[in-house]
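[1] Predicted model, plus sequence, below.
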Amino acid sequence: MAQLSDDTQTPQGDTAPAALPGDGLREGIVDTLRNDIGEALLDTLLKPNDDLWVRVSTESWLATGQALKAAGFTYFCFLSAIDWMPSPFGNSQDDPDDEPKQIDMTIKQGYTGGETRMQVFARLTDIDRHVGITVKADVADDNQVVDSWSQLFAGANWHERECHEMFGIGFNNHPDLRNMYLPGDFEGYPLKKDFPLLARMVKPWPGIVDVEPMPDFEEAADAPAAEAPAGAIEGAES
Amino acid sequence: MTLTDRQQLSYIASQAADARLNVELETEGMTLNIGPQHPATHGTLRIIARLDGEQVVWAEPVAGYMHRGYEKLTEVRTFPQVTSLINRIDWLGSFANEVPFILAAEKLMEIEAPPRAQVIRTILFELSRIANVSLFLGDLGVQMGAITPVFLAFRDREYILNLIEGATGGRFHPNFDRIGGLKDDLPKGWIQETKGAVKKLEEFCDTIDDLLFGNEIFQSRMRGIGVIPADIAKDYGLSGANARASGIDWDLRRDQDLPLSYDLADWKVWTHPDGDSWARCWIRLQETRESCKIVGQLLDQIPAGPVMTKVPRIIKVPEGEAWVATENPLGEMGYYVVSKGDLGPFRVKIRSASFNNISIVPWALKGVYVPDIITILASLYFILGDIDR
Amino acid sequence: MGLVDKGRLPAPLTKLFNLSRSYSLWVYQWGLACCAIEMGAAFGSPRYDVMRLGVIPLPASPRQADFVCVSGTVTDKMAPAVKRLWEQMPEPKYAISMGSCANCGGPYWDSYSVTKGVDQIIPIDVYVPGCPPRPEALLEGIVLLQQRIKNEDMAAKWRGDEFTTLQRTRAMEAGEVDREGELISDTRSISDEPMPEVAAAHPEPIVVGGGPIE
Ligand code: SF4
């Protein structure tokens, strides 16, 4: 190693890491948040030894960010959205010769529930206490706008631009919601579930031929040998 | 610390003096367009900079020239197919991309890879970090007109690529990680080979340290330039070496509980108080050394046993949501995986490190001189696939 | 290049030109994605050392390049820039498409933002498949391109015609094949064919002023 001047040697790093986050810590965070935003905290989910999810009302999206930042969640991880509608095109992996499967179009939200098709969610980290939190909020179906976090976390600026481009969700008070990825004449919001992938529409998924039975698994041995290729997926599921 | 403080101050003072000069001379504004294809932008990033004389008034990166639509494509792939796709996000350290996704899927399925697979995963993870960062170190010289380091980097990187190829079959995109373990065990003689290669890489680090970091031109172009304070870094979500160079002591290898074997090795997280370009590069150099150390130690501790747990042939991931992030070569890379119990994921949010790291560019480039644009961008270190996804 | 302008070039001269052109190829590296790193390994690393093939990988601009190596994913946003690059290059120019992405879209065949093949934008001479192709594969692609250049009918290229080999032009003139005739122009089969050689037993007469040779 070449000579390093003194200012490059830092004492940090040798100290033992702070205690890994416990569930007690997470419960405390939920309590603090409930104190700060009250009724707006709609639902919480604490998976033991894993992670913490909270859902807040749309109006308090910005207030939640402020409260969490004040509570020590100063590290901005990401912000994005989910379209909970099941894709009307399935997973585009079925044999085109099969009967088209009936797709159940009921919208079912994930952890901490929800009422709307779209949800924004963000993740913040508390670097000192080594704990992270996922915050979700519904986005009204008729008015897809939430408050912007870009004044709060500078990094949210680009994430909201991306989110706007991919889902068509608007952000109040965002400095500029220009497209960042797609060429100017692109139409549609690609990450919405009803955005079709045209290449898949015109050409069936080439992977469906790739269902040869693998010899060294019991399931394969149990399954009838002359199984039709298209049926192999369903057959092995049982 | 006095040295860098003084340098920063003099740099800021000269910037201010220049700004006054710009006013006196009534310099005309000018727009400088760098890219989309420019050797200094590591691929296809475009930077539009508005100049006043020699200073940047504002700069704006234009991303999207490499947007390939990963998040949409994962929705029409099955879980095992997704790994072959996400390999290509950060293409210099491909194996590292697979690990957090696989871990997230394993978390949802509530299985864990056997210990042998965990150690091998960690070794390959660190090897891909070395492959990634060694090219960064070589490329750093090119940004400042020194051609030799990049040849050194390409030469020594081949040793690592050979190892990755030996173990996984792919030089670049291994697609080796499986839900529940690894595709294969290590080939015979690989451990011995790796020990030799790691030595070579350590020598490479020493060479670069002498050749580049000891170089006066390099220092004067990097020190005190592009300073990013810690709270700004947190605001923008900078991660990895960029955050640690600003004094944020945060490393996901150490600071979270994942089924990877980092606690078996004795290593150190480096931080630096300065937050300038030089600190960022220096941290990366030290990290390559630490990675060599981790690999060297883990090679002696690979337990015996299988490399794959029992998983069903057709993988269906139970309903649920999981977030797993790991400390990738470029910084924090995480996957937020939402599964609805199907063959494929319902939604995957890919949190890539470079996207956040590069979103600070408009802030960091404000007021700097034109030649510093390149060094600041180089020291922030991004990969286009990781920005645009 | 008065001779070329007349559309007729003596075969030995063509051969000489082709030989020199094929061994001083300046390549512009249009690296776009992962493949760019493998291209960098092929062009910039001591292990693969492309310069031994007579390829110079360091032109400063497309305006002084002989061929371009498009490696990586071409997105719809990038496509206009690729086209503009191609238009800036001087004739005669060649293009190598490296990697599945540039060939056909590769792993992103169903993506909404990826151009499914750079050959929709610019004409490609050599395709190098792989994801990513090994540097050796790229080197083979370059060798094949060199063979193609060696056999090329330069005058036709100058006129802007489709690629033809010298043998084929001669055969066409002799009435042995018609325009859509048998002698195929794909690179593989050219590499098997002998160069348009002046056999020692039958020295080709050289006519000053570029008259008919045979
Ligand atoms: S062909 Fe493969 S390696 Fe090459 S750019 Fe495309 S995805 Fe990357």
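    Perfect, I can see it now. Computed from a predicted structure; not experimentally measured.
[2] how close does A:Ile62 get to B:Ser261?
    Actually, residue A:62 is Leu rather than Ile. Applying CB to CB, to the nearest Å, the value for A:Leu62 to B:Ser261 is 42 Å. C-beta: built from backbone N, CA, C; applies to glycine.
[3] With neighbour numbers in mind, choose between these two.
    B:Ser261 (23 against 18; other CB atoms under 10 Å in any protein chain shown).
[4] Just to check, the more buried one is in contact with B:Leu299?
    No - assessed by CB atoms under 8 Å, B:Ser261 is found out of contact with B:Leu299, at 11.5 Å.
[5] what about stretch C:15-33, near chain A?
    No - judged by CB under 8 Å from any CB of the partner chain, stretch C:15-33 makes no contact with chain A; its nearest approach is 15.0 Å.
[6] Tell me how many other residues surround B:Lys366.
    12.
[7] Do a quick rundown of the strands in the chain.
    Since you didn't name a chain, this refers to chain A. A:41-47, A:51-56, A:75-83, A:118-126, A:131-139, A:145-147, A:170-172 (DSSP state E).
[8] I was thinking of chain B, sorry if that wasn't clear
    B:29-34, B:46-52, B:55-62, B:177-178, B:181-182, B:320-328, B:331-339, B:347-351.
[9] now the ones you listed in a markdown table, with mean pLDDT and distance to the ligand?
    Output for these, formatted as a markdown table (pLDDT from 0 to 100; distance: least, CB to the nearest ligand atom, whole Å):
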| stretch | mean pLDDT | distance to the ligand |
| --- | --- | --- |
| strand B:29-34 | 78 | 22 |
| strand B:46-52 | 82 | 19 |
| strand B:55-62 | 82 | 20 |
| strand B:177-178 | 84 | 17 |
| strand B:181-182 | 84 | 22 |
| strand B:320-328 | 88 | 17 |
| strand B:331-339 | 88 | 17 |
| strand B:347-351 | 88 | 16 |
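[10] For B:Cys292, list the residues it contacts.
    B:Ile130, B:Val198, B:Leu201, B:Glu202, B:Cys205 (CB atoms under 8 Å, 6 or more residues apart in numbering or on different chains).
[11] Go ahead and confirm the fourth one touches B:Ser291.
    In other words, B:Glu202. No - between B:Glu202 and B:Ser291 there is no contact under CB under 8 Å: 10.0 Å.
[12] coming back round to it: most packed of the strands of chain A?
    Mean neighbour count, computed with mean count of other CB atoms under 10 Å in any protein chain shown, is highest for strand A:75-83 among the strands of chain A, reaching a mean of 26.
[13] Let me see the mean pLDDT of that one.
    What strand A:75-83 shows for mean pLDDT is 87.
[14] okay, the residue of chain C found nearest chain A: pLDDT?
    Chain C approaches chain A most closely through C:Asp110 (4.1 Å), counting by CB to the nearest CB. C:Asp110 is assigned 82 on the pLDDT scale.
[15] State the distance from the closest residue to it other than its chain neighbours to B:Arg178.
    Leaving aside its chain neighbours, C:Asp110 sits nearest to A:Ala199 (4.1 Å; criterion: CB to CB, 6 or more residues apart in numbering or on different chains). Per CB to CB, A:Ala199 is found 27 Å from B:Arg178.
[16] Same drill for those two, tell me which one is more crowded.
    Comparing A:Ala199 with B:Arg178 by neighbour count (other CB under 10 Å), the higher total belongs to B:Arg178, at 23 against 16.
[17] wait, that one sits on B:Phe101?
    No - in terms of CB under 8 Å, B:Arg178 does not count as a neighbour of B:Phe101; the distance is 11.3 Å.
[18] Find residues that contact each of these two.
    Joint contacts of B:Arg178 and B:Phe101 (CB under 8 Å, 6+ apart) are B:Thr83.
[19] Look at the nearest residue to B:Val150 once chain neighbours are set aside and report its pLDDT.
    What sits nearest to B:Val150 in space, not counting adjacent residues and going by CB to CB, 6+ apart, is B:Gly138, at 4.1 Å. Per-residue confidence (pLDDT) for B:Gly138: 83.
[20] do the one 10 residues further on as well
    pLDDT recorded at B:Thr148 is 83.
[21] What is the neighbour count of it?
    By other CB under 10 Å, 13 other residues sit near B:Thr148.
[22] tell me the mean pLDDT over stretch B:67-86?
    Summarised as a single mean, pLDDT over stretch B:67-86 is 84.
[23] and the residue of the stretch 251-389 of chain B at minimum distance from chain C, how many residues sit next to it?
    Residue nearest to chain C within the stretch 251-389 of chain B: B:Gly385 (6.0 Å; CB to the nearest CB). Look at B:Gly385: counted by other CB under 10 Å, it has 27 neighbours.
[24] which residues touch it?
    B:Gly43, B:Met66, B:Arg68, B:Arg88, B:Ile89, B:Asp90, B:Trp91, C:Ala33, C:Cys34.
[25] The ligand next: which of the residues you listed are close?
    B:Arg88, C:Ala33, C:Cys34 (CB under 6 Å from any ligand atom).
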